[in-house]
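S.K.: Give me a 3D structure for the following:
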Amino acid sequence: MKPADELEARYIAAHPRSREHFAARAESTPGGVAKGAYFYRPYPLTMERGAGAYLFDVDGNRYADFANHHTGQILGHGHPAVLASVRAQLQRGIAVGAPMGHEKELCEELRSRVASLERVRLCNSGTEATLHAIRLARGFTGRNRIAKFEGCYHGSHDAVEISVSPPIEAAGPAERPLPHPQALGMSAGAVADTLVLPLGDLDAADRLIGEHAADLACVLLEPRAGVLDLPADFIRGVRQSATRHRVLMIFDEIVSFRLARGGAQSVYGIEPDLTTFGKIVGGGFPVGAFGGRADIMDRYDPAAGSGIGQSGTFASHPVTVAAGLAMLRALTPAAFERLNELGDRLASGLRQALTDCPVPATALNAGSAFAIHFLPEPPRDYRSSLAADKRWTQPLFLGLLERGFFLGHTLQMCALSTPTTPEMVDALVDAVAGALRDPAVRAAATGG
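M.R.: This next block holds a predicted model:
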């Protein structure tokens, strides 16, 4: 066996039942995965259960969970308050086709936390949240085009899945990016209707917004662009630019809402016109939410006959609402403070451990979300991230699984949960250092 093949062979030997599950799924679903995010080579683990800060796979292996369902399980798995709330709701009814009262409680909980929310609507996913917010912005302004930043992901619908990770040869000049569809089958009209802005370059972004303001319904910004460390002046500057050019500002807080009780907008001291939410708002169940200024959101008032509608069979699902309300109420200011301190501790420890890596590497965090990059410095934007030596990503991911740690397989969207302990954080740092010293990991990365 070649040294480069040893790591994968060890993975296969340790996870035979996951391999069987993967092969069986391939008969009924493309690629053996029910959604694309689950796939990684040689095949994904099949989990049997989650408990607290841990996951257990079908082969009997235990992992400290540092992915936490794409950052969404901020309370970990099986939090008592969430379980109790869900059980109580199941007794009342799973879905009854009418309001059950606690929808108002969840909306009020969001409004009490986020100053910019005068009205809130609930939906089924972050993708739906951005879809409806953009449609609302278009209906309110009477304009059709939208602006988004290169490298930022806002869900899987045509309006926003533009220039998320474009090939550099098709991306255009850095100061004036060209729109590029993320996947086959997307509408050409969606590409034409999207203005792509350069992330981090406020002067260029302001210039482009000004040039196209007459046609722009909104500017969409994810304040941490996943886990990038965007300058506060840039984020505030985009808000000011949108206001100055009379374009609506939509803040995507689907990930960044785990930064603070009031989300990233409370950290940066700004109030967008509309905000989209997902992930932690649903307590582990499918969820989306969006809200903002009353004069905009009230266009959804069916009694007013405004011509803008939003619904869905499972929107505002009673079980989701019950779980989300329990999760948010458990997320006190003290909980956020502890999580963010642990995130800082982890990122600092990882940066130190990565100094011994055979290639330049670093780590950064946005509160309790974190990422590892094989770059000498944290990337500033999508284009600077392209210089990363991605050969190391999968070997490190597999090496950490061997050591009992489950991260996002790209190492780019990882997160802590409230059951995470300082000892677990320090153990992950040690595991990263140990994996990078492993000859099989090094051989898999270099082909040696």
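S.K.: Can you show me the helices along the stretch 251-400 of the chain?
M.R.: Assigned by DSSP state H, counting those that start in this stretch, the stretch 251-400 of the chain shows helices spanning 263-268, 294-297, 318-330, 333-354, 382-385, 393-402.
S.K.: would CSV of these with mean neighbour count be doable?
M.R.: C-beta coordinates here come from the backbone N, C-alpha and C atoms, glycine included. Output for the helices of the stretch 251-400 of the chain, formatted as CSV (neighbours: other C-beta atoms under 10 Å):
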stretch, mean neighbour count
helix 263-268, 21
helix 294-297, 16
helix 318-330, 23
helix 333-354, 18
helix 382-385, 20
helix 393-402, 22
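S.K.: Any idea which of those helices gets closest to Ala88?
M.R.: Nearest to Ala88 among those is helix 318-330; the distance by C-beta to C-beta comes to 7.0 Å.
S.K.: Now Asp57: phi and psi?
M.R.: Reported as degrees, to the nearest 10, the phi and psi values for Asp57 are phi -90, psi 170.
S.K.: Over to Ile94?
M.R.: Taking degrees, to the nearest 10 as the convention, Ile94 sits at phi -80, psi -50.
S.K.: Next, work out how far apart the residue nearest to Gly404 when sequence neighbours are not counted and Asp57 are.
M.R.: Distance criterion C-beta to C-beta, 6 or more residues apart in numbering; nearest residue to Gly404, sequence neighbours excluded, is Tyr63 at 5.5 Å. Distance of Tyr63 to Asp57, computed by C-beta to C-beta, to the nearest Å: 7 Å.
S.K.: before we move on, the earlier item: burial count for the residue nearest to Gly404?
M.R.: Number of residues near Tyr63 (other C-beta atoms under 10 Å) recorded here: 21.
S.K.: which other residues reach the helix or strand that contains it?
M.R.: Assigned by DSSP states H and E, Tyr63 belongs to strand 62-65. Contact with strand 62-65 is made by 50, 53-57, 73, 76-77, 401, 404-406, 417, 420, 424, 427-428, as judged by C-beta atoms under 8 Å, 6 or more residues apart in numbering.
S.K.: So among those residues, which ones count as buried?
M.R.: Those of those that meet the buried threshold are 50, 53-55, 57, 73, 76-77, 401, 405-406, 417, 420, 424, 428, by 16 or more other C-beta atoms under 10 Å.
S.K.: Nearest to Ser316, out of these: which one, please.
M.R.: Checking these against Ser316 with C-beta to C-beta, the nearest one is Gln73 at 21.1 Å.
S.K.: Just list the residues touching that closest one, thanks.
M.R.: Taking C-beta under 8 Å, 6+ apart, we find Gln73 in contact with Gly50, Asp65, Gly284, Ser417.
S.K.: Specify which member of those residues is nearest to Asn340.
M.R.: Ser417 (12.9 Å).
S.K.: quick one: the closest one from Val425, how far?
M.R.: Counting by C-beta to C-beta, the gap from Ser417 to Val425 is 12 Å.
S.K.: Model confidence score at Pro3, please.
M.R.: Pro3 is assigned a pLDDT of 65 by the prediction.
S.K.: Oh, that last question was meant for Thr276, not what I typed.
M.R.: Thr276 is given a pLDDT of 98.
S.K.: Please compute how far the strand holding Tyr63 lies from its chain's middle.
M.R.: Relative to the centre of its chain, strand 62-65 is centred 20 Å away, using C-alpha atoms, centre = their mean, to the nearest Å.
S.K.: Give me the helices and strands touching whichever helix or strand comes after that strand, please.
M.R.: The element immediately downstream of strand 62-65 (helix or strand, assigned by DSSP H and E) is helix 80-92. Judged by 3 or more C-beta pairs under 8 Å, 6 or more residues apart in numbering; DSSP states H and E, the packing partners of helix 80-92 are helix 318-330.
S.K.: what does the helix it packs on rub up against?
M.R.: By C-beta under 8 Å, 6+ apart, the residues outside helix 318-330 that reach it are 74-75, 79, 81-82, 84-86, 88-90, 92-96, 100, 102-103, 105-106, 109-110, 113, 122, 280-287, 314, 418.
S.K.: Also stretch 402-413?
M.R.: With C-beta under 8 Å, 6+ apart as the criterion, stretch 402-413 contacts 10-11, 14, 40, 44-45, 55, 61-67, 70-71, 226-227, 255, 369, 371-373, 393-394, 396-397, 400, 414, 427-428, 431, 434-435.
S.K.: let's see 7 Å
M.R.: Here stretch 402-413 makes contact (C-beta atoms under 7 Å, 6 or more residues apart in numbering) with 10, 40, 55, 62-67, 70-71, 226-227, 371-372, 393, 396-397, 400, 414, 428, 431, 434-435.
S.K.: quick one: contacts for the residue positioned nearest the centre of the chain?
M.R.: For the chain, the residue nearest the mean C-alpha position is Val255 (4.4 Å; C-alpha atoms, centre = their mean). Residues in contact with Val255 (C-beta under 7 Å, 6+ apart) are Thr71, Arg224, Gly226, Lys279, Ala369.
S.K.: burial measure for the third one, as a count.
M.R.: Other residues lying near Gly226 total 18 when counted by other C-beta under 10 Å.
S.K.: Please tell me how far it sits from Ile372.
M.R.: Relative to Ile372, and taking C-beta to C-beta, Gly226 is found at 13 Å.
S.K.: again, but for the first one
M.R.: Here Thr71 is placed at a distance of 15 Å from Ile372 (C-beta to C-beta).
S.K.: And Arg224, by the same measure?
M.R.: Arg224 is 16 Å from Ile372, where distance means C-beta to C-beta.
S.K.: Check Ile74 too.
M.R.: Using C-beta to C-beta, one gets 20 Å for the distance from Ile74 to Ile372.
S.K.: Could you do Tyr43 as well?
M.R.: Distance of Tyr43 to Ile372, given as C-beta to C-beta: 22 Å.
S.K.: got it, and Arg293?
M.R.: Arg293 sits 38 Å away from Ile372, going by C-beta to C-beta.
S.K.: So those two - more neighbours on which side?
M.R.: Using other C-beta under 10 Å, the more surrounded residue of Arg293 and Ile372 is Ile372, with 29 against 17.
S.K.: Could you list which residues are in contact with the more buried one?
M.R.: Taking C-beta under 7 Å, 6+ apart, we find Ile372 in contact with Leu350, Ala361, Ala363, Leu411.
S.K.: Nearest to Ser163, out of those: which one, please.
M.R.: Among the contacts of Ile372, and counting by C-beta to C-beta, the member closest to Ser163 is Leu411, at 22.2 Å.
S.K.: Sticking with the closest one, tell me its helix or strand.
M.R.: Counting by DSSP H and E, no helix or strand carries Leu411.
S.K.: Next one: it from Ser116, what distance?
M.R.: Distance of Leu411 to Ser116, given as C-beta to C-beta: 33 Å.
S.K.: For the two, indicate the residue with more neighbours.
M.R.: More crowded of Leu411 and Ser116, by other C-beta under 10 Å: Leu411, with 25 against 20.
S.K.: could you dump the strand holding Tyr63 to PDB, C-alpha only?
M.R.: In PDB, the C-alpha atoms belonging to strand 62-65 read as follows (Å, rounded to 0.1, in the frame of the first residue of the first chain):
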ATOM      1  CA  ARG A  62     -18.000   8.500  19.400                       C
ATOM      2  CA  TYR A  63     -17.100  12.000  18.200                       C
ATOM      3  CA  ALA A  64     -16.900  15.300  19.900                       C
ATOM      4  CA  ASP A  65     -19.200  17.400  17.700                       C
END
